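Colleague: Sequence and predicted structure are below.
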Amino acid sequence: MEYVTVIGLEVHAQLNTNTKIFCGCSTAFGAPPNTHVCPVCLGMPGVLPVLNRKVVAFAVTMGIATRCTINRESRFARKNYFYPDLPKGYQISQYELPICEHGHVDIDTNGEKKRIGITRIHMEEDAGKLSHLAGRPVSHVDLNRTGVPLIEIVSEPDIRSPEEAGAYLRKLRSILRYLGICDGNMEEGSFRCDANVSIMPAGSDTFGTRAELKNLNSFRNVEKALHYEIIRQREVIEDGGAVVQETRLWNPDRGVTTSMRGKEEAHDYRYFPDPDLLPVVVDDAWIQEIEAGLPELPDQKEQRFVGTLGLSAYDAGVLTADRELADYFEACLESYDRPKPVANWIMGPLLGRLNAEGETIAASPVAPADLAALLKLVDDGTISGKIAKTVFDDMAATGKAPGEIVTEKQLVQLSDTSAIEEIIDEVIASHPDEVAAFRGGRKKLLGFFVGQVMKATQGKANPKMVNEILQQKLQ
């Protein structure tokens with residue numbers, strides 16, 4: 001039987017505020033355990049939460065960027081459950097009246113556009129962190145993260161494959177980073193997701209029983225966990241069993257999901273309005289102010305790169321996926337206004353080197369102005385394209401400017417016609433059989449002769465002049 005996969009994602013994004021959502025404690029990552037805490041985030045008796053205004057502004061910002069309706073009034077609720085990392089015994093979140101609803105983002109998979117709906121975006125506080133000791137029945141509790149501000153972005157069940165899920169997550173992360181409201185660091189937990197997945201027979205409009213997957217800390221793990229879970233559910237059904245509604249943990253070492261607990265429903269959390277917090281009121285003037293301050297977003301930038309700069313959709317998609325990469329590209333264009341060669345060098349030698357080293361564009365050893373200067377040296381004939389790659393490697397290794405490297409290593413391109421003709425004459429004289437074959441119709445041998453000339457000049461001869469002179473002399 002053919003099955004259709006149904007996936008919905010719940011994404012938690014930690015907001016880039018200096019202090020927590022309801023108190024003045026620092027949100028900085030990596031502090032010693034239980035040092036960024038106070039009576040408010042520890043849930044001590046008699047304390048009252050005070051809402052951080054910037055959290056509301058950031059939530060509205062993401063809502064506008066994902067084309068949500070911004071509710072003029074929203075409310076905080078208490079989500080009740082008991083766990084060692086939740087000192088109050090409840091989490092302050094939003095339930096019936098979230099701040100943003102009914103938005104969408106567009107993704108691109110296999111060259112096709114698809115719209116993924118967003119059910120809601122709401123504000124909430126994070127819980128603490130448990131560290132489990134291997135081989136001992138002991139857990140340590142660090143409450144530094146308790147009260148750190150989050151927005152939860154809940155998708156519609158519109159995703160139909162693990163690849164679409166990956167594309168959706170990458171797009172959300174890109175938007176958050178463009179807006180500057182979340183650093184998107186999955187390793188530190190500032191961007192994480194839970195996945196709800198089910199399967200149903202093809203042609204059916206009734207969703208199957210879903211499982212919730214947790215412990216998904218990378219795009220790759222999200223896709224691998226979904227692939228595994230889809231196969232697992234299909235095998236359960238085809239063996240005559242029934243999929244159980246439950247929460248399952250992804251084990252990246254074993255490549256499997258394992259049962260954690262039964263899946264809670266909303267009524268299990270006994271939501272009710274938080275009596276210590278007033279409704280959040282957002283007026284039109286504030287929304288307009290936030291909207292006016294939005295940067296150019298990934299889709300807008302991609303359209304401009306295609307429509308104005310003439311890049312292909314693929315090139316524009318790669319360059320705009322990350323804000324720092326797009327900024328690097330545009331910084332290069334300020335000194336060298338030829339988009340396609342710049343894109344080729346960034347997506348080829350530069351990203352190839354950075355990916356091999358596990359680095360991002362922020363760690364580029366070559367500044368945009370230096371890359372532009374290198375391309376100018378190729379354009380004006382000072383060096384060849386082949387020599388430029390050698391110079392680029394030296395630039396990345398030493399941090400020196402391209403002109404300095406070319407001068408030091410005497411890499412200036414040979415463009416003297418008489419000197420090139422003399423070398424070509426020697427090459428032709430040394431290969432009479434190949435000359436005869438070329439004149440007999442084997443025109444592909446031109447590449448052989450070009451290679452011999454470039455070898456004799458240590459790659460310094462002007463390739464265009466070599467080709468032109470060779471064709472004249474070989475006639």
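Modeller: Yes, it's here. All values derive from a computational prediction rather than experimental measurement. Numbering: from 1, shown residues only.

Colleague: For the longest strand along the chain, list every residue counted as buried.
Modeller: Taking DSSP state E as the assignment, the strand of the chain that covers the most residues is strand 112-125. Buried residues in strand 112-125, defined by neighbour count with 16 or more other CB atoms under 10 Å: K114, I116, G117, I118, T119, R120, I121, H122, M123, E124, E125. Where you see a C-beta, it was placed from the backbone N, CA and C, and this is true even at glycine.

Colleague: same deal with stretch 205-222?
Modeller: 208-217, 219, 221-222.

Colleague: repeat for stretch 380-398
Modeller: Neighbour-count burial for stretch 380-398 [16+ other CB under 10 Å]: T382, I383, S384, I387, A388, T390, V391, F392, D394, M395, A396.

Colleague: what does stretch 59-71 give?
Modeller: Buried residues in stretch 59-71, defined by neighbour count with 16+ other CB under 10 Å: A59, V60, T61, M62, G63, I64, A65, T66, C68, I70, N71.

Colleague: Assess the claim that the third one and C182 are in contact.
Modeller: No. In this structure T61 lies outside contact range of C182 using CB atoms under 8 Å: 10.4 Å.

Colleague: residues contacting V412?
Modeller: With contact taken as CB atoms under 8 Å, 6 or more residues apart in numbering, V412 is in contact with T382, I383, V406, K460.

Colleague: how deep is H140 tucked in, by neighbour count?
Modeller: For H140, the count of nearby residues is 12 (other CB atoms under 10 Å).

Colleague: Assign it to helix, strand or coil.
Modeller: On the three-state scheme (DSSP: H, G, I helix; E, B strand; the rest coil), H140 is labelled strand.

Colleague: Considering the buried residues of strand 112-125, which is situated nearest to P32?
Modeller: When those are ranked by distance to P32 (CB to CB), E125 comes first, at 21.0 Å.

Colleague: is it true that K113 touches H104?
Modeller: No. The pair K113 and H104 does not pass the contact test of CB under 8 Å, sitting 11.7 Å apart.

Colleague: So K464 lies in a helix, does it not?
Modeller: Yes. K464: assigned to a helix according to three-state DSSP.

Colleague: returning to what we had before: of all the buried residues of strand 112-125, which two lie farthest apart?
Modeller: Checked with CB to CB, those reach their widest spread between K114 and E125, with 32.8 Å between them.

Colleague: the inter-axis angle of the helix or strand containing I7 versus strand 112-125?
Modeller: Secondary structure assignment for I7, by DSSP states H and E: strand 3-14. With axes from the mean of the first three to the mean of the last three CA atoms, to 10 degrees defining the directions, strand 3-14 sits at 40 degrees from strand 112-125.

Colleague: would you put the C-alpha positions of the helix or strand just after strand 3-14 in PDB?
Modeller: Next in sequence after strand 3-14, counting helices and strands by DSSP H and E, comes helix 53-65. This file holds the C-alpha atoms of helix 53-65, laid out as PDB (Å, rounded to 0.1, in the frame of the first residue of the first chain):
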ATOM      1  CA  ARG A  53       9.100  44.500  26.100                       C
ATOM      2  CA  LYS A  54      11.800  43.500  23.600                       C
ATOM      3  CA  VAL A  55      10.500  39.900  23.700                       C
ATOM      4  CA  VAL A  56       7.100  41.200  22.400                       C
ATOM      5  CA  ALA A  57       8.800  43.300  19.700                       C
ATOM      6  CA  PHE A  58      10.800  40.300  18.500                       C
ATOM      7  CA  ALA A  59       7.700  38.000  18.400                       C
ATOM      8  CA  VAL A  60       5.800  40.700  16.400                       C
ATOM      9  CA  THR A  61       8.800  41.000  14.100                       C
ATOM     10  CA  MET A  62       8.800  37.300  13.300                       C
ATOM     11  CA  GLY A  63       5.100  37.400  12.900                       C
ATOM     12  CA  ILE A  64       5.300  40.100  10.300                       C
ATOM     13  CA  ALA A  65       8.200  38.400   8.500                       C
END
